[in-house]
Structure formats: C-alpha cells, structure tokens
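# from the sequence below, what's the structure:
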Amino acid sequence: MPIKTFIANLPKAELHCHIEGTLEPEMLFALAARNGVALPYESVAAVRAAYRFDRLQDFLDIYYQGMAALCVARDFYDLAYAYCEQAAAQNIRHLELFFDPQAHVERGVAFGDVVGGLSAALEAARRDFDLSAGLIMCFLRHLPPQDALDTLALAEPYRVRITGVGLDSSERGFPPQPFAEVFARARAQGYRCVAHAGEEGPPSYIEGALDALQVERIDHGNAAIDDEKLLARLARQQTPLTMCPLSNLKLRVIDDLSAHPIKRMFELGLRVTVNSDDPAYFGGHLNDNYCAVADALGLDAATLAQLARNSVTASFADASRQQQLLDEIDAYVATAAESTVAD
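Okay, here's the model as predicted:
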C-alpha cells in the first residue's frame, strides 16, 4: 500500500489547529460580502499571493486582518463546521481547536457569539461525522496578562463548552512566566492547560511553560532539540509536543523539512504528534503534513501509526473515546498489513 494511501485512511487526532487559521480565501470573501466588510484584496488569487511569510509576525499580520470578516455567531459556526467536514474527510476522528477570543472581543464581537457559534458547529460535527472535538481558548501573549485574566472572567458563563486554555501569538520577546496567574486560575476552574513554546522562542520558553504555567502539552516545541537536558525531561515526563511541520517550513522556522526535529525526537522517545496549525495559510491540511514528513524524513507505516496513537493519547478526549480510537488505529494497521501481504 502506498504511504499516501496509508495516511489518508489512518484514524488520527489533530491537537494543534487554530480555527481562525482555517479561513480559506473563498470563505473569507463570502463572509466579508455577507457582513459588508471591506477587504484590502481584489480577489481570491490576491489573497493567496499574500500568503508568503518570512517569519511568524508576517503571518500574524495577515491572520488578524482576515478575522475582520468574522462578525456574528453564524460566521463562527460556518467556519468551524467547514473545517470539521474537512477533518472528517481526512479520517481525523478527534479534533481540538484553538480560538482567540481577545482578537474578536476587541473588535466588538460578543464573546458568547464566538463560543456559541463554534460549539454549535462542533456539536453538529459529532452528530454528522462522529467526530469528537473540543475548544481551547488561547490568550494572546502580546497583550498584557491582565487582558488574559479579563478574558478568563468573560468565559465563566461558557465554562462547560471550553475544554482548555492556551497561549499563542507572537513568541519572540514574550516569555510565558507573566501568564502564571491566569493559568493558575484556569487550572483551579478545571481547564486543561497548553501553551505555544519553542517555535521561535528558545528552550527556556518551553521550560517556562512547563514550570510557571504547568501545562500538560507543549505546542510546537522545536527548540527543545537544542537542549539535551530538556529533551531528556520531555521524554521522561512524556509531555506531548504538538508539532506542525509545514507551518514551520512556511514560517522559516526550518529551511527544509529534512531538517525537522520530529524524527529525532521520536527516536529519543518523546511523545510527538503531527498537526496542521493554520492550514488555510500554510498550504497543507493534516494529511498533507503527515505525507510531507513521511517523504522528507523517510517515516515508515509503523512510525506513522505510532504518531497517530500519540495524537490520541495526548488528546483531552476521555479514556473511553481514546481507547475506541486506539482500537480503530490498531484494526486499521492490521488490515493494511494484510492488504500489503496480499498485494
């Protein structure tokens, strides 16, 4: 069986995907027209041409600009449901989506409209695709920690709809430690905790996320490859890393996929996972990321299957759902092996 076919049908979870980063140019124009929002682009082609980035900040400038088309609950529903449909087509069985409420509330969008639209779409996806899903509310690290605390307070009436909290946006110059208080409060309220660290920041940012924020997962974590002691800690503690290969290439975190650290980390026993990050902007959905690293790093079917298992065990799905998905992976791998022998 070709690796691409194996990947396409492999059950898997996605744990690092920003819902605002799934906004395809076609939907961007449709929503802008529906809401009477003027865009600085004349066509879908012009938007795609703008998706060339030299660094994280170049991407973020366009990313926040695109959010202007998201105005009411229906927009967030349409955006999330469209991505869930894409996910189901890639045999993603569990999905955890980041969202950035501060970037919407500051534009005058009601917090309840953001969460209401997103959570309704995820509920519809459970019904329509048997896709389990959760929402992770991210705090923007370039804004003051007090703003994050205010956002946590805004979320209180919607607590049951939100699985966890995270930390994202510009990393350089914004270490995690100032957000220790808001993460402590979030943990006390029962939120699961994750944080972006080590994408453009140094290994110390990963350590800060682990120690000051007490996160359960590190989003990205590339910089750990430069710190042997940190690598050993991550392997020992089995802290999941939600890595995003095509995003790293597009944002020039790496110059070539053959230099991506995911294979080396896997060999060292770290619990690494593959994810898409912002697929509309980086030209690759989850299966594209699997295929890209398989090709560039020579990953075999057994390794790819273990990466899929990692994505399930690193998720915030409950134990019964995790076991169901692990059983699906094992059954698929066995069937694929039989097919290969038969061929």
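
# elements contacting the lowest-mean-pLDDT helix or strand in the chain?
When each helix and strand of the chain is scored by mean pLDDT, DSSP states H and E, helix 56-66 comes last, with a mean of 78. Here helix 56-66 touches helix 279-282, going by 3 or more Cβ pairs under 8 Å, 6 or more residues apart in numbering; DSSP states H and E. The way it works is simple: take the backbone N, C-alpha and C, and place the C-beta from them, glycine included.

# which SSE is immediately downstream of the helix it packs on?
helix 286-297 (DSSP states H and E).

# need the CA coordinates for that following helix. CSV is fine.
Below are the C-alpha coordinates for helix 286-297, written out as CSV (Å, rounded to 0.1, in the frame of the first residue of the first chain):
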residue,chain,number,x,y,z
LEU,A,286,-3.2,17.3,8.5
ASN,A,287,-2.8,14.5,5.9
ASP,A,288,-0.5,16.8,3.9
ASN,A,289,1.7,17.3,6.9
TYR,A,290,1.9,13.5,7.5
CYS,A,291,2.8,12.9,3.9
ALA,A,292,5.4,15.7,3.9
VAL,A,293,7.3,14.4,6.9
ALA,A,294,7.0,10.8,5.7
ASP,A,295,8.6,11.8,2.4
ALA,A,296,11.2,14.1,3.8
LEU,A,297,12.3,12.0,6.8
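
# on that earlier part again, buried stuff in the least confident helix or strand of the chain?
Buried residues in helix 56-66, counting neighbours by 16 or more other Cβ atoms under 10 Å, are found at 56, 59-60, 62-64, 66.

# next one: stretch 241-254
Burial within stretch 241-254, assessed by neighbour count using 16+ other Cβ under 10 Å, is assigned to 241-251, 253.

# what's in contact with the least confident helix or strand of the chain?
Here helix 56-66 makes contact (Cβ atoms under 8 Å, 6 or more residues apart in numbering) with 20-21, 23, 28, 40, 50-51, 53, 103, 169-172, 199-200, 250-251, 278, 281.

# could you redo the last one with a cut-off of 7 Å?
Contact partners of helix 56-66, identified using Cβ atoms under 7 Å, 6 or more residues apart in numbering, comprise 20-21, 23, 28, 50, 53, 103, 169-171, 199-200, 251, 278, 281.

# mind checking which of these land in helices?
Under the assignment DSSP state H, these contribute 28, 50, 103, 281 to helices.

# in JSON lines: these, plus pLDDT.
As requested, the ones in helices among the contacts of helix 56-66 are arranged in JSON lines below (pLDDT from 0 to 100):
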{"residue": "L28", "pLDDT": "90"}
{"residue": "A50", "pLDDT": "76"}
{"residue": "A103", "pLDDT": "95"}
{"residue": "Y281", "pLDDT": "87"}
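
# so which bits of the longest helix belonging to the chain are buried?
Using DSSP H, we find that the single longest helix of the chain is helix 319-342. Residues 321-322, 324-325, 328-329, 332-333, 336 are the ones in helix 319-342 that count as buried (16+ other Cβ under 10 Å).

# mind giving me the packing neighbours of it?
When contacts are defined as 3 or more Cβ pairs under 7 Å, 6 or more residues apart in numbering; DSSP states H and E, helix 319-342 sits against strand 92-99, helix 301-313.
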